[in-house]
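Engineer: Pasting a predicted model and its sequence here:
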Amino acid sequence: MRYESPGTTKDAISLLSREKGKAFILAGGTDLLVKMKSGVLEPDLVVDIKRIKGILDIRKSTSGFVIGAGVPCAALNEDKALLKAWPGVVEAANLIGSKQVQGRCTMAGNLCNASPAADSVPALVAAGAKVVISGPKGSRKLAVEDVPTGVGRTALKKGEFITAIELPKKPARTSDAYLRFIPRTEMDIAVVSAGVSLTLNAKGVITAARVTLGAVAPTVLLVKEAAKAIIGSTLDEAAKARLAAAATGACRPIDDKRGTVEYRKDVAGVLARRAAEIAYARAGGN
Amino acid sequence: MSVLVKTTINGDAVEFVCPPEETLLDVLRNRLGLTGAKEGCGTGDCGACSVILDGRLVCSCLVLGAEMDGKSLETIEGMANGTTLHPLQQHFIEGAALQCGICTPGFLMAAQALLRKNANPSEEEIRFGLAGNLCRCTGYDKIVRAVQAAAKDMRSA
Amino acid sequence: MPLDTSFTNQTFKQVGTRPLRPDGVDKVTGRAKYGADFNAPGQLVGLVLRSPHAHARIKKIDTSKAEKLPGVKAVITSADLPDLTAGDKGMFAILENCMARGKVFYDGHAVAAVAAVDAATAKAALKLIKVDYQVLPHVTDVDEAMKPSAPVLHDHVFTRGVEPKPAKPSNIAMRSEYGHGDVEAGFKQADVVVSRSYKTEQTHQGYIEPHACVANVGPDGQGELWVCTQGHFVYRNQCAQLLGMDASKLRVTASEIGGGFGGKTHVWTEPVALALSRKANRPVKLVMTREEVFRASGPTSATSIDVKIGARKDGTIVAAEAELRYTCGPYYGDWAELGAKTAFACYDLKNVKTVGFDVLVNRPKVAAYRAPSAPMAAFAVESLIDELAHKIGMDALDFRIKNAAKQGTRSSYGPVYGPIGIGPTLEAARKHPHMKAPLGKNQGRGMACGFWFNFGGQTCSSINIGMDGSVTLTVGTIDVGGSRASLSLIAAEELGVSYEHIRCNIGDTGTLGHNDMTDGSRGTFSSGMATVFAARNAIGVMRERAAKMWDIPVDDVIWEDGHAKAKGANQGNLAPLSLAEIAAESGNTGGPIAGHNETVADGAGVSFATHICDIEVDSETGAARVKRYTVIQDAGKAVHPTYVEGQYQGGAAQGIGWALNEEYVYGKDGRLQNAGFLDYRIPVCSDLPMIDTQILEIPNPNHPYGVRGVGETSIVPPLAAVANALSNAAGVRLTHVPMSPPRVLKAIKGKSK
C-alpha cells in the first residue's frame, strides 16, 4: 500500500485517476481503517485529503455554508453560525461514534461509506444539502440523496472525490432536527433514524418540509408523503399521526442483528413525529 | 514502502519509520515503546487507545502513523507534570476510579479533553463525554466522581 | 473449622481503612505492564487460523504453502499438540478447544497457527493455509439441541446422572438434581401456584484486555510464559501438561490483568504460543483480536428455565421447583448444575427440587463469568417470586423476608447455613431511602436477591522482612481489582507496621508453591487468610530473635503494635524492640526473617445481596433506562471498603448490561454476527446512573478477620431486579433476557391486544 497526502485537489485527482489498483480516500479514516483492520479492504493506494488547502474549513457565504470534506464532525459543533442555522445536521454529525470518532470522522466520509444507517445523511438530505465533487472532468454538484446508490455504493466515478458539502442558506422560520434510535445511549449504529426540516409562515403553519428516514432501506429515504402529511398544518395531533403513518408506510427495512422489520417500521413513525416536533419548536412554532 | 514521519509527542520531537498501513496505535506501542495506549478493540469502539492529536481526542487505532507528520500528539505518558500527577490522575487513584486499570489511560485522556472544553461539566455531560470509553470493572460510578473532584480542584487552582 | 468465636467483635487498626492502592501511579501513568505490553528480544508474531463453520469435519489441512512463505518460522496444527491428557476429560476439552482435532465445533474454533517475523507476514501465511472442511449440521439453541432430532456433537457423550445409562449418545452431557422434601406434596398445600418459562441469551465477560502472552520455550525443555491470567499457577500446570513439560520447567509470570471476570481461568492460546515457540525456537507473542475474544473465548451459557412456586395465602412458600437447561458450548461443564444449586439458595424451603441439564451446542466453550450460572437462575426465580407476591397480594419485600434463609436453614443445595446475610440485606433494603423514593412517569421499581457460594482453595503466601525493616509480601493470587491494597492492609494489621512499609508483589510460579486462580471471589479471602498466618509465622520468628537479643525465654516475649515486648516481672526494664531493630540484627541472630503459609483456605462464607432498581421505559420504542440502582451486600468484613464498593458497582453494571442489551447473535449459518464492541453492547458511561452501595458485615466465622468473598454476588440479582422494575414500569411481564428494545416493545404491544 502507498500513502499519499497531496496538497491540491488536482494532485489528488491525478493520484486517484492513475492508480490501477484499489484506491481509497482517507479523510477521518474511521470507516476505512476499521475495514483495513478486518481485512475487508486491502488498499493499494490511500490518498489522505486533509492536507489539501481549504478542505478543513467551514465557510459561510450568502448562499449558505460550504463544509470542507476533511472537517471532523467535532468541529461542526464549534461553529456557532452553523449550529444555529442547521442544528439537526450538527446534532446528527455529533452522534456518529464516540467523541473520539467525532474528532476524526467527516460527513463526506459518512456519506461515501454508503451505509443505510449513516447518521449525518438523513439530516443532510432533510436540509437539502449538496456535495461538490471534483474529478478528472472537472467539478460537479449532486444532491446528497443522489450520492449513495446502494449499500456501500456511490455515484462517484473513478478519480472523483467529494471536496465539500454545501448547506443552503436557511430560510426564515426554518429549522431541522434529527433523531435516531439506538439500544444504548451512545456508541451504537442507528437501528432507525429520522430527519426533518421544515419552514413555517408567520402563523406557524408549515409551508415546506422534508422528511427523511435512515436504516429502513438500502439508501436514505426522502419521504414526500410524510412531508405532505404535515405541510399546511400546525403540526397538530392529526398531522403528526399522518406523518407517523406515512413514515412507517415508506419503510422497506430488513431483519438483522440490530432490529426487526416490525420494530423498525414502528419506531420510524415515532422518530419522524418526535423529530418534527423538535424542528417545529426550533423554527418558532408553538 | 515505509514512510518517514517527523512529529511531536508530549512536547518531544520524534522521528519514526513505519509501513503506510500501520496505525498510530501500533507505532506508539511497537515502535516508540509508548504502551500506555491500549488496544481493546482496534476498531474505535472502546477508547482504550485514546490520545489527543492536535488538540482533538481521537482513537489512535483509527489514525495512520503516516498521517502524523508535522502533528502534535499528547499521550498518557505525558500527562503528569514531572513528578506531579495531573489532578485527574491523582483523583483516579484517590477515588478508586480504576480496578484493573486497562481502560484508565484512555479515560484520563478523554477526561482531559472534556475538561479543557468544559471546566464545570454536569454529571450528564461527564457521562456523555466519556461514553466512548468502555470500562467493564467499575460501573463508571467512581470514574465520574473522580472527574467531578478533579474538575473542582482544577477550577479552584 | 471455626477458629474461635472472637471473630464477631474484633477491632482493627488498619483493616477497614481506605489507603491508596500500591499500583495506582503505574496505572494512571501508562507504565503498568499488561499482557500485550511485554516484548522479548527476537520475538515472533503468532496468529491463529479459525474455523468459519459452526460444525464441520476437517478433512485435510495443507500448511505447505504457508511454511514456504519467507519470514514464517513455524506453522502448527493439532498434530503439534499431541494428546497428553491421559484420560482427563476436562483437560482434553481444553486441549481440543485450543486447537481443533478432526472436527471444529464452533465458528471461531482454532484449526492452525503460525509464527512469523511480523504481523503482515503472519497474516499472509494464514491465508495460505488450506483447510478442507466437510460442513455438518449444527445446533446453537439449548432447547433445540436437546431434541432427539438435533445433530449430535459427540458420539461418545451419554448423559451422565441418568440411571440406567442412555442407549444413545446425545447433546445432554449431564443431568443433575438438588433439593429436599416432597415438592408434589408441597404444591398440594399451596393456595397459589405460579409457573413460567424464561430464557437468557449468551453473554461475554467483556474484559477490555484481549488475551495476550509471550511464550518462550528452548530446546533444553525450559520455558517462560508472560501472560495475562487469573491464575498463573493454573496456566502453568495446564500448559506443562499439554506440552509434556515438567511444571517446574515452565515459569509463568502474570502481567497486570485487564479484566477477567472468570474468562481468564483456563488456557486458550497459551499452549499454542508455547508450541509455536518450541517449534520455531524463538519467543512468540500471541495477542487475540477483539473479534477472536468474542468468537473463541468466554462466554457464559445461554439458558432456558422453567420455574414453579407455590405458597399459602399467608405468604409461606410451600414448594418450589425448577428445571434449568444451560448451554456448555461443545464440551461438558457443570454450568446447569451450578444453576440448579444456586436457584433457591436465598430461601428457607421445606420442599424444593431443581434439575439441571448441561447441554452441548455449537458455540464457544463456556467459561466462568462472575458467579457463573447464578444470575440466570436468579433471574427466573426472583422474577417468579415477584409475581407470586403480587398474586398473593403481599409486598414483594415482605414476601422475601418471610421466606428468607437464615442461620440453621438447610440450603436447597444441601449444606446447613451458618451466620448469613440474606435477612439483613432485605431488612436494610426495607429501611433504605431508595425504597420510599417517589417514582416518575413511566417508571417502575424492582428488587431481587442473589446468592453465591464463594470459594477458598489452595493458597500460599510469603512475608520477607528486609534488613531495613520494610516488608515484602509475596502472594500467588492475581490482583484483579485492588487486592494488593487489601492484602497489604492485612499484613500491616498483623505485623503492626504502617501500610506504606509493605510492598505486595504477585510472585511468579518460581517463587511460591501452587496457588489456585483468582476466582470464586477468593483473592482477598484466601490470600488474606494465608497472609494473616504468614505474618503470624514471621512474628513467631521475630519473637525468637528478640528473645535471643535479650537472652530471655521466647515465652516471655509478646508482639504488640509492631514491637517485641518483654513481659513478666523479671523483664520490666527492657525497652521494646521494633520490627526494624530486630530486622537490622537478623544477620547476628539467625539470618533472614520470613514467614510463610501454605493452606487450603476452607470456609469461604456464602454471600448474599439484595438489589433495588428503578427503570424508566419509553413505551413507544421499548427503550429502558436505569434511573437509580442500589446494592446491599454482606462482605463479612470489608478490608478496603472502597474496593468492596467497586466490586458491588462493577457487578451490578455487568448485570444491568446483561439484562438490557448484551447477547450473542447467531445467524442461521451458526456464525456469530456481533463479534465486536459495536454490536455486543456493554453499558457505556451514559447508560448508567450512580450505583449506590451499602456494605453489611456479618462476619464469616471461618476467616480470622471474618472476611467473605465480595467479587461475584453483585452480578446475581441485577437481571431479575431490572426485569422486575421493567415489568412494573411497562405493565407486562418480561421473561426473555436481554430485555432489548425490540423485545420490550413487542411485549408492550402484545399487552394492548
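Structural biologist: Received, thanks.

Engineer: Next up, the contacts around the residue of chain B at minimum distance from chain A.
Structural biologist: The minimum distance from chain B to chain A, using CB to the nearest CB, falls at B:G132 (2.4 Å). C-beta: built from backbone N, CA, C; applies to glycine. Shown in contact with B:G132 (CB atoms under 8 Å, 6 or more residues apart in numbering or on different chains): A:97-101, A:186-187, B:47, B:50, B:59, B:110, C:684.

Engineer: from those, which is closest to C:L276?
Structural biologist: Set against C:L276, the nearest of the contacts of B:G132 by CB to CB is B:C59 (30.1 Å).

Engineer: Scan the contacts of B:G132 and report the most crowded one.
Structural biologist: Using other CB atoms under 10 Å in any protein chain shown as the neighbour criterion, B:C59 leads the contacts of B:G132 with 38 neighbours.

Engineer: Check whether that residue really touches A:C105, as I assumed.
Structural biologist: No - using CB atoms under 8 Å, B:C59 is not in contact with A:C105; the gap is 10.5 Å.

Engineer: Might one say that C:C239 is in contact with C:V227?
Structural biologist: No - using CB under 8 Å, C:C239 is not in contact with C:V227; the gap is 9.1 Å.

Engineer: so what sits against both of those two?
Structural biologist: C:252, C:270.

Engineer: Among the contacts of B:G132, name the ones in helices.
Structural biologist: Among the contacts of B:G132, the members falling in helices (DSSP state H) are A:99-101, B:110.

Engineer: Next, see if the longest helix belonging to chain B gets close to chain C.
Structural biologist: Ordering each helix of chain B by length in residues (DSSP H) puts helix B:141-156 first. Yes - counting by CB under 8 Å from any CB of the partner chain, chain C has neighbours in helix B:141-156: B:141-145.

Engineer: could you check whether that helix is close to chain A?
Structural biologist: No - counting by CB under 8 Å from any CB, chain A has no neighbours in helix B:141-156; the shortest distance is 13.6 Å.

Engineer: In chain B, what residue comes closest to chain C?
Structural biologist: B:G36 (2.1 Å).

Engineer: how about the residues of the stretch 51-200 of chain A near chain C?
Structural biologist: Counting by CB under 8 Å from any CB, the stretch 51-200 of chain A comes close to chain C at A:181, A:183-189, A:191.

Engineer: What pLDDT is listed against the closest residue to A:L16 other than its chain neighbours?
Structural biologist: Spatial nearest neighbour of A:L16, excluding adjacent residues (CB to CB, 6 or more residues apart in numbering or on different chains): A:G159 at 4.8 Å. At A:G159, the model reports a pLDDT of 97.

Engineer: Look at A:G159 and give its secondary structure.
Structural biologist: Put simply, A:G159 is coil when judged by DSSP: H, G, I helix; E, B strand; the rest coil.

Engineer: okay but it is in contact with A:S17, surely?
Structural biologist: Yes - A:G159 lies in contact with A:S17 (CB under 8 Å); the separation is 3.7 Å.
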